[in-house]
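Peer 1: Quick one, what's the 3D model for this:
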Amino acid sequence: GGFVPISTVDWRGRAACTVFLRGCPARCFYCHNIAIQGGEDLRDADEIIAMIRSSRTVAGAVVFSGGEPTLQGPALVHLAAAARNMGLSVGLHTNGIFPRVLEDLTGRHLVEMIALDIKTTWERYDELLELAAADAVKQSLAVCKRAKADGSLGTCQAVVTLFRGREDDLPSIAEATRDLDLVLQQGVAPGFVPLTRQELEAVAAPLGRKVRIRTREDGEVGYGPEQ
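Peer 2: Here you go, the predicted model:
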């Protein structure tokens, strides 16, 4: 995996350290962390906790990313609990393949922010991930909505990575995630011409809701009513 002692991009508005946990069952063609999809880099949990503790002077939060951090559910819960005991806020980046882990984390009030990747329409999900995942991600989406509604989760973003030619996917995804914050992320991969910020704004305009638009050129900006 890996560790970044201070980051201002993994949790908008927060200074956080970031822990990257190795391993992911999905095989998305545009993955930017392909080096930690598999393999082993075994570390004692106490070593990782010590890394997190060392960042407390500059970071008020920790974000768990990957890979897919919920693949290592028991370890993730243990690390999140340790971080909370230090007084740190806990964020999570996840593809939603393991909804029971999200239920555990939200049920124990161990996580304050979840960025949930919604990768495509439900009909295309299993093909894109090369994995039977659609039903699990639907369950994770429901977990996040319940946790946000009952106050056990402060922030939940649905993060949609959009590629040129798949613009028509957005309305159905936006409808499925209407109770969550929506982040529209520029899809970047070899062989694809990325959508520009202006093109992403044009795709988002008919939604009539606030979205965050994330591109390599302009970073993350707000768009929509009253922005």
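Peer 1: which outside residues touch the least confident helix or strand in the chain by mean pLDDT?
Peer 2: Lowest mean confidence among the helices and strands of the chain (mean pLDDT, DSSP states H and E): helix 125-129, at a mean of 89. For helix 125-129, the surrounding residues in contact (C-beta atoms under 8 Å, 6 or more residues apart in numbering) are 26-29, 95, 119-120, 132-134, 137. Just so you know, the C-beta spots here come from the backbone N, C-alpha and C atoms, and that holds for glycine as well.
Peer 1: Scan those and report the most crowded one.
Peer 2: residue 95 (26 neighbours; other C-beta atoms under 10 Å).
Peer 1: contacting residues for the nearest residue to it once chain neighbours are set aside?
Peer 2: If the residues on either side of it in the chain are set aside, residue 95 comes closest to residue 117, at 4.7 Å by C-beta to C-beta, 6 or more residues apart in numbering. For residue 117, the contacting residues are 93-96, 159, 161, by C-beta under 8 Å, 6+ apart.
Peer 1: Could you pull out the strands in this structure for me?
Peer 2: Assigned by DSSP state E, the chain shows strands spanning 2-7, 16-21, 61-66, 89-94, 113-117, 155-162, 181-186, 211-215, 219-223.
Peer 1: Can you tell me what sits against the last one?
Peer 2: Contact with strand 219-223 is made by 12, 183, 197, 201, 204, 210-214, as judged by C-beta under 8 Å, 6+ apart.
Peer 1: Farthest pair within those residues?
Peer 2: Across those, no pair lies farther apart than 12 and 201, at 18.3 Å, counting by C-beta to C-beta.
Peer 1: Can I get the least confident helix or strand of the chain in CSV, CA atoms only?
Peer 2: Output in CSV follows, covering the C-alpha atoms of helix 125-129 (Å, rounded to 0.1, in the frame of the first residue of the first chain):
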residue,chain,number,x,y,z
TYR,A,125,-21.5,-2.4,-13.9
ASP,A,126,-20.4,-6.1,-14.0
GLU,A,127,-19.0,-5.8,-17.4
LEU,A,128,-16.9,-2.7,-16.6
LEU,A,129,-15.5,-4.1,-13.3
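Peer 1: tell me which residues of it are tucked away?
Peer 2: For helix 125-129, burial by neighbour count (16 or more other C-beta atoms under 10 Å) applies to 125, 128-129.
Peer 1: Could you do stretch 165-178 as well?
Peer 2: Under 16+ other C-beta under 10 Å, the buried positions of stretch 165-178 are 166, 169-170, 173-174, 176-177.
Peer 1: longest single helix anywhere in the protein?
Peer 2: helix 134-149 (DSSP state H).
Peer 1: Tell me where the model's unsure across the protein.
Peer 2: 1, 35, 38-39, 226-227 (pLDDT under 70).
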